[in-house]
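Colleague: coords please:
(chains A, B, C and D)
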Protein chains: 2
Amino acid sequence: MTRFDVMSPYHHGDLRRAVLDAAVAAVAEQGPAGISLRDLARRAGVSHAGPVHHFGDKAGVLTALAAEGFDLLADALSAEGDRDFVEVGVAYVRFAIEHRAHFEVMFRPELHRRDDPALAAARDRAGLLLTSGASSVSDDGMAGVAAWSLMHGFANLWLTGALRTEHLEDPDTAARAIARILFPAVP
Amino acid sequence: MTRFDVMSPYHHGDLRRAVLDAAVAAVAEQGPAGISLRDLARRAGVSHAGPVHHFGDKAGVLTALAAEGFDLLADALSAEGDRDFVEVGVAYVRFAIEHRAHFEVMFRPELHRRDDPALAAARDRAGLLLTSGASSVSDDGMAGVAAWSLMHGFANLWLTGALRTEHLEDPDTAARAIARILFPAVP
DNA sequence: CAGCGAAACTTTCCACTGACAAGATGCGCC
DNA sequence: GGCGCATCTTGTCAGTGGAAAGTTTCGCTG
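Modeller: Numbering: from 1, shown residues only, chains lettered A, B, ... in the order given. Okay, here's the model as predicted:
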């Protein structure tokens, strides 16, 4: 970030990335509903209309953030391979917690443009990895829906704090435990 | 609602209820993030500062809505009895879809005051019904967490539209199908 | 290397929102 | 009958999203 001494107020360098980073920080601090486009501009060090050029409007920022999130999720899932579904499920929960800001925006369709091409592509890529992992277990695809629902629900309940009353250890082992309830047979 | 001809602009009659009803309608139309306190006031037919007296601020409205939602959920769950967990799970999903506005606000802690007494009481009541239903199946309580996660995740994925690609019939039968995967033994 | 068009960012402006303060009204209670 | 207080209104202010128009710099063409 040597932009303050060498660059003029125009041409930030990589404003798009700076705004997305600022959005991650802002969402982590105050939730997806509390973010302000002008605050993102301030964090990035540009005027309040700077981000508009790259994203169009506020929904554009969150759309880009969601697309980036689905790409990161697909990376995290494919890194786990397709061998054990339990570990894929644990990776899903770990992603939701480590990339909380992305995850929260990804599943808020009212906050972004769900027909955005980049978003749709990233979402389809992650969706394929999710369903293919458990489709081999059953035939009608319901097992895949159940597996996704289980891990998605646990991640959501954990993030919203609904499970804090239970004496759960870390989310990793808890996620593994409930995944093993659904898929007890590990070859 | 005969207030327009008999009542003066002051003393609405039941403004608290009118604002909550307006909030349900507004959340259903544009999501929990898009609602405006002034719009709720307009829908209820009062000035823009009318609701403040009853709810304090915007978070107060959503807190009251969340508390009402947990009460409705507890009613729906206890109406199903505690005999078959599968049917309790189906009732959970049905509630999420039929009372979508309530459900979406209930699990957005950043939108309301989570330490509100009425909200905490309603949430604890519903939480007790949720965990007790499946705790008899297992011993360490993990089965209860798994059951809640499964139905909560399915409801969320259904509401966000993430499952629309699959050729699922109605949510009721789909929810029953995945609940039976987790609890195959129905006495 | 000059200049020209487009991209990147700024400034200005408007309608709307949340929150607060102060005022107006009418219900209930003595 | 009048007084206190809950209820609702009006007025105001800072902050926000978005659009329009202006300014500066990049990069390409000649």
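
Colleague: residues contacting the closest residue to chain B within chain A?
Modeller: Closest contact between chain A and chain B, by C-beta to the nearest C-beta, is at residue A:153 (2.5 Å). Where C-beta positions appear, they are placed from N, C-alpha and C, glycine not excepted. Counting by C-beta atoms under 8 Å, 6 or more residues apart in numbering or on different chains, residue A:153 touches B:148, B:149, B:150, B:151, B:152, B:153, B:154, B:155, B:156.

Colleague: how about the residues of chain A by DNA strand C?
Modeller: Applying C-beta under 7 Å from any atom of the strand, one finds that chain A approaches DNA strand C through A:9-13, A:15, A:41, A:46-50, A:52-54.

Colleague: identify the farthest-apart pair in the residues you listed.
Modeller: Distance extremes for those: the farthest pair is A:13 and A:48 at 18.6 Å, using C-beta to C-beta.

Colleague: quick check: the gap between residue A:28 and residue A:97.
Modeller: According to C-beta to C-beta, to the nearest Å, residue A:28 stands 12 Å off from residue A:97.

Colleague: same deal with residue A:163?
Modeller: From residue A:163 to residue A:97 the distance is 12 Å (C-beta to C-beta).

Colleague: more neighbours, those two?
Modeller: The neighbour comparison of residue A:163 against residue A:97 (other C-beta atoms under 10 Å in any protein chain shown) goes to residue A:163, with 18 against 15.

Colleague: correct me if wrong: the more buried one contacts residue A:155.
Modeller: No. Using C-beta atoms under 8 Å, residue A:163 makes no contact with residue A:155, being 10.4 Å away.

Colleague: grab the nearest non-local neighbour of the residue nearest in space to the middle of chain A.
Modeller: Nearest to the mean C-alpha position of chain A, counting by C-alpha atoms, centre = their mean, stands residue A:103 at 2.8 Å. Closest residue in space to residue A:103, ignoring its immediate chain neighbours: residue A:96 at 4.4 Å, by C-beta to C-beta, 6 or more residues apart in numbering or on different chains.

Colleague: CA atoms only for the strand or helix carrying that neighbour - export them in PDB, please.
Modeller: Following DSSP states H and E, one finds residue A:96 within helix A:85-98. Provided in PDB are the C-alpha atoms of helix A:85-98 (Å, rounded to 0.1, in the frame of the first residue of the first chain):
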ATOM      1  CA  PHE A  85     -18.300 -37.200   3.000                       C
ATOM      2  CA  VAL A  86     -17.900 -36.600   6.700                       C
ATOM      3  CA  GLU A  87     -14.700 -34.700   6.100                       C
ATOM      4  CA  VAL A  88     -16.300 -32.700   3.300                       C
ATOM      5  CA  GLY A  89     -19.100 -31.800   5.700                       C
ATOM      6  CA  VAL A  90     -16.600 -30.700   8.300                       C
ATOM      7  CA  ALA A  91     -14.800 -28.600   5.700                       C
ATOM      8  CA  TYR A  92     -18.200 -27.000   4.900                       C
ATOM      9  CA  VAL A  93     -18.700 -25.900   8.500                       C
ATOM     10  CA  ARG A  94     -15.100 -24.800   8.900                       C
ATOM     11  CA  PHE A  95     -15.500 -22.600   5.800                       C
ATOM     12  CA  ALA A  96     -18.600 -21.100   7.200                       C
ATOM     13  CA  ILE A  97     -16.900 -20.100  10.400                       C
ATOM     14  CA  GLU A  98     -13.500 -19.100   8.900                       C
END
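
Colleague: what sits up against it?
Modeller: Helix A:85-98 has contacts (C-beta under 8 Å, 6+ apart) with A:72-73, A:76-77, A:79-80, A:82, A:103, A:129-130, A:133-134, A:137, A:147, A:150-152, A:154-156, A:158-159, A:171-172, A:175-176, A:179-180, A:183, A:186.

Colleague: three-state assignment of residue A:113?
Modeller: coil (DSSP: H, G, I helix; E, B strand; the rest coil).

Colleague: contacts only, for it.
Modeller: Neighbours of residue A:113 in contact, by C-beta under 8 Å, 6+ apart: A:59, A:60, A:63, A:119.

Colleague: got a list of contacts for stretch A:32-51?
Modeller: The contact list for stretch A:32-51 (C-beta under 8 Å, 6+ apart) reads A:3, A:12, A:15, A:18-19, A:22-23, A:25-27, A:52, A:57-58, A:61-62, A:101, A:104-105, A:108, A:111, B:32-33, B:108, B:110-111.

Colleague: in chain A, what helix or strand scores lowest on average pLDDT?
Modeller: Least confident element among the helices and strands of chain A, by mean pLDDT, DSSP states H and E: helix A:3-6 (a mean of 42).

Colleague: and the next helix or strand past it?
Modeller: Following helix A:3-6 in sequence order, the next helix or strand is helix A:15-30 (DSSP H and E).

Colleague: surely residue A:152 is in contact with residue B:155?
Modeller: No. The pair residue A:152 and residue B:155 fails to qualify as a contact (C-beta under 8 Å) at a distance of 10.0 Å.
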